[in-house]
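Chemist: Could you work out the structure for the sequence below:
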Amino acid sequence: MDEDTEQLNRVFAALADPTRRNLVARLADADASVGELAEPYDMSLQAISKHVRVLEEAGLVTRSREAQRRPVHLNAEVFSLMTKWIERYRLKAEERYERLDALLNSMTDTDDSRKKDAS
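Modeler: Numbering: from 1, shown residues only. Predicted coordinates for the structure are as follows:
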């Protein structure tokens, strides 16, 4: 398995959890400390820290140190990797639907010409 595939596996596994998806959504608006991320949840700082660690191991977030504060940052580069993967399969699915549409249109056209010939 190549490195991109391994990272995509980690990213999708991390995002499978709704709490982690919510944390990513919050971090899309602004950086935040673990304490700030924990505020709306009824769970311990330790539990939120574990969620952040999973996101960090997947490459979705990074942490830095600003004096006493350790803000969590969203890593936008990972989203371009995900977008490329999704786009590749979206295009393949779109091509399949276009071929199906063409087939259905040709069947409709054939059926219409048969009806004209019969009358």
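Chemist: For this protein, which segments are assigned as strands?
Modeler: 61-63, 72-74 (DSSP state E).
Chemist: The last one: how far from the chain's middle?
Modeler: So the one you mean is strand 72-74. Relative to its parent chain, strand 72-74 has a centroid offset of 16 Å by CA atoms, centre = their mean, to the nearest Å.
Chemist: pLDDT of that strand, averaged?
Modeler: On average, the pLDDT along strand 72-74 is 95.
Chemist: Residues touching that strand, excluding its own?
Modeler: Here strand 72-74 makes contact (CB atoms under 8 Å, 6 or more residues apart in numbering) with 24, 27-28, 31-34, 37, 52, 55-56, 60-64. C-betas here are computed from N, CA, C, even on glycine.
Chemist: go on, the first one?
Modeler: Residues lying outside strand 61-63 but in contact with it, judged by CB under 8 Å, 6+ apart, are 24, 27, 52, 55-56, 70-75.
Chemist: Now with 10 Å, please.
Modeler: Applying CB atoms under 10 Å, 6 or more residues apart in numbering, the external contacts of strand 61-63 come out as 14, 20, 23-24, 27, 31, 33-34, 37, 51-56, 70-75, 78.
Chemist: In the sheet, which strands lie alongside that strand, parallel or antiparallel?
Modeler: strand 72-74 (antiparallel) (DSSP bridges).
Chemist: Distance-wise, check the residue nearest the centre of the chain relative to V24.
Modeler: Centroid check for the chain by CA atoms, centre = their mean gives M82 as the closest residue, at 6.2 Å. In this view, M82 and V24 are 11 Å apart by CB to CB, to the nearest Å.
Chemist: swap in D101?
Modeler: Distance, D101 to V24, using CB to CB: 36 Å.
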